[in-house]
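Peer 1: For reference, the sequence and a predicted model appear below.
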Amino acid sequence: MIFYSFITIFFIIYLFVAFKRAKKYKYNTSKDYLYDLKSPLLYELTLSKNSLTLPLEHKEFDTLFLKISLKFCPFSYFLKPFIELEGVKHFFEYGAKGVRYLNISHIKNAELILTYKYLKLQTKNMTLYGYNNAIDLTKKILILAPHADDAEIAAFGLYKTAKDVTIVTTTIGEHGMCNYCDLYKDKTTASLKKAELRTYDALCVPLLGGVDIKNSLTLGYFGGSLKWMSEHPNEMATSLRKEFGDMNSFRKVSHADIELPLHVEPRFDSFLNDLEQIILQTQPEYIITSHPQIDSHPDHKYTTYALIEVLKKIGLTCKLLTYTNHLSFSETYPIGEMHSAITLPPNKKPFYFDSVYSFELDESLQKDKFFALEAIHDLRDSLVSISIKKAYKQFSKMLKRVLTGKDKSYFKRAVRANELFFVVEHNIDKLL
């Protein structure tokens, strides 16, 4: 009788945990990832005793993906499933099932050993895809960051390695979570401090990545206003925080080599003119920006929409390296622990890109990226020490993350073995 009671209790706990962990993703984790990858390298492989032999030509490609198929494993709701390849872990969702893609761009050897835990493979047949993007990091790179932390989250490793980088932060980012409301009596004052700190971070944190401060600019547009400005081109935008004041106190461009108006009105035409002048004066070979079809944040989308409008107007051809810091289907992407791999995100339907580029971060570069993120005020909880209540809330939040598996920390999501970009070189209209 006791045995059956124990089994019943265990089964109830299992169902509860499985339900909570599956629900957090906001998509069905038993469905295939839908990608129609058209790559120069396409090769069918068969797993034999957890080993794969890659074709010799795999070394000619900078980005490699291995298409696999998972079948349901009951342990995967309690212990996060992963595959380890040459010391790098590739994590999957709790309860994952169906087609997934391993990012094996870091692989050096032709003989590949798969060590996997808490999952089962549906088939031993796999498909290898490869891209050779020939990204030249000595060329001019322009990074469009909708907020003060986006350049670092998406591309710190790449821009620290590159030789000629300009970072433009388009909005103040004063809206959203009231990070400093515990210190200030009203939200407007707290938001002013948040805007001040984010402006400082946008200008100074890139110094940790070797970007001269004259190549870091903040345009000062109100956070959450880009979509509204696009839809109301003849009106001036205001901050979502009442009585916030003039945007130009956060517009820091006078120190830069790029010549821009020191004061502008918060209109979409001003934003377009800023981007046009920046692009004309820098003539970038590559532009790093968010992918508007998979990034959910309006400021991210409309930064790229404005970029496309400007590129079409001036007729400049360059490669867009697009990223997502706010995946539409789940804010927990990329899945897994720090130092693991970033692979293709879940999707319900295909989205447009010409190729995929995986930039590898060695151990030293990952640590540098950690310290860059730690230097950004908005990404750390600096208020834990002000009260026992605040510390308790932080502890409760961390405990909840462990129990539910719902961890949206950018330290876990961004400090990874690689940075991932969807390359768009042709038909930029298809991003709209």
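Peer 2: Looks like it came in fine.

Peer 1: ok, residues contacting the helix or strand hosting residue 192?
Peer 2: Element membership for residue 192 (DSSP states H and E) is helix 187-204. By Cβ atoms under 8 Å, 6 or more residues apart in numbering, the surrounding residues in contact with helix 187-204 are 145, 147-149, 167, 169, 172-175, 178-181, 183-184, 213, 216, 218, 220, 223, 239, 241-245, 250, 252, 375-378. Yep, even glycine has a C-beta here, placed from its N, CA and C like the rest.

Peer 1: And those, which of them are buried?
Peer 2: Buried members of the contacts of helix 187-204, scored by 16 or more other Cβ atoms under 10 Å, are 145, 147-149, 167, 169, 172-175, 179-180, 216, 218, 220, 223, 239, 241, 244, 250, 252, 375-378.

Peer 1: about what we covered before: so which of the contacts of helix 187-204 belong to strands?
Peer 2: Among the contacts of helix 187-204, the members found in strands (DSSP state E) are 145, 167, 169, 216, 218, 220.

Peer 1: Farthest pair within these?
Peer 2: By the measure Cβ to Cβ, 167 and 220 form the most distant pair in the ones in strands among the contacts of helix 187-204, at 14.6 Å.

Peer 1: Please point out which parts of the helix holding residue 192 sit buried.
Peer 2: 188, 190-195, 197-203.

Peer 1: CA-only coordinates of that helix in PDB, if you can.
Peer 2: Taking C-alpha atoms only, helix 187-204 is exported to PDB below (Å, rounded to 0.1, in the frame of the first residue of the first chain):
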ATOM      1  CA  LYS A 187       9.200  56.500 -11.300                       C
ATOM      2  CA  THR A 188      10.100  59.600 -13.400                       C
ATOM      3  CA  THR A 189      13.200  60.200 -11.200                       C
ATOM      4  CA  ALA A 190      14.100  56.500 -11.300                       C
ATOM      5  CA  SER A 191      13.700  56.400 -15.100                       C
ATOM      6  CA  LEU A 192      15.900  59.500 -15.400                       C
ATOM      7  CA  LYS A 193      18.700  57.700 -13.500                       C
ATOM      8  CA  LYS A 194      18.100  54.600 -15.600                       C
ATOM      9  CA  ALA A 195      18.500  56.600 -18.800                       C
ATOM     10  CA  GLU A 196      21.600  58.400 -17.500                       C
ATOM     11  CA  LEU A 197      23.300  55.100 -16.600                       C
ATOM     12  CA  ARG A 198      22.300  53.400 -19.900                       C
ATOM     13  CA  THR A 199      23.700  56.300 -21.800                       C
ATOM     14  CA  TYR A 200      26.900  56.000 -19.900                       C
ATOM     15  CA  ASP A 201      27.100  52.300 -20.400                       C
ATOM     16  CA  ALA A 202      26.400  52.600 -24.200                       C
ATOM     17  CA  LEU A 203      29.400  55.000 -24.500                       C
ATOM     18  CA  CYS A 204      31.900  53.400 -22.100                       C
END
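
Peer 1: how about the helices of the stretch 51-200 of the chain, start to end?
Peer 2: Residue ranges of the helices in the stretch 51-200 of the chain, as given by DSSP state H, counting those that start in this stretch, are 150-161, 187-204.

Peer 1: now for these, which one comes closest to residue 282?
Peer 2: Closest of the helices of the stretch 51-200 of the chain to residue 282 is helix 150-161, at 14.0 Å (criterion: Cβ to Cβ).

Peer 1: Looks like residue 303 contacts residue 143 (just checking).
Peer 2: No: the criterion here is Cβ atoms under 8 Å, and residue 303 misses it with residue 143 at 10.9 Å.

Peer 1: which neighbours do those two share?
Peer 2: residue 289.

Peer 1: re the thing from before, dump the helices of the stretch 51-200 of the chain to a markdown table, plus mean pLDDT and distance to residue 327.
Peer 2: As requested, the helices of the stretch 51-200 of the chain are arranged in a markdown table below (pLDDT from 0 to 100; distance: least, Cβ to Cβ, whole Å):
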| stretch | mean pLDDT | distance to residue 327 |
| --- | --- | --- |
| helix 150-161 | 98 | 12 |
| helix 187-204 | 93 | 22 |
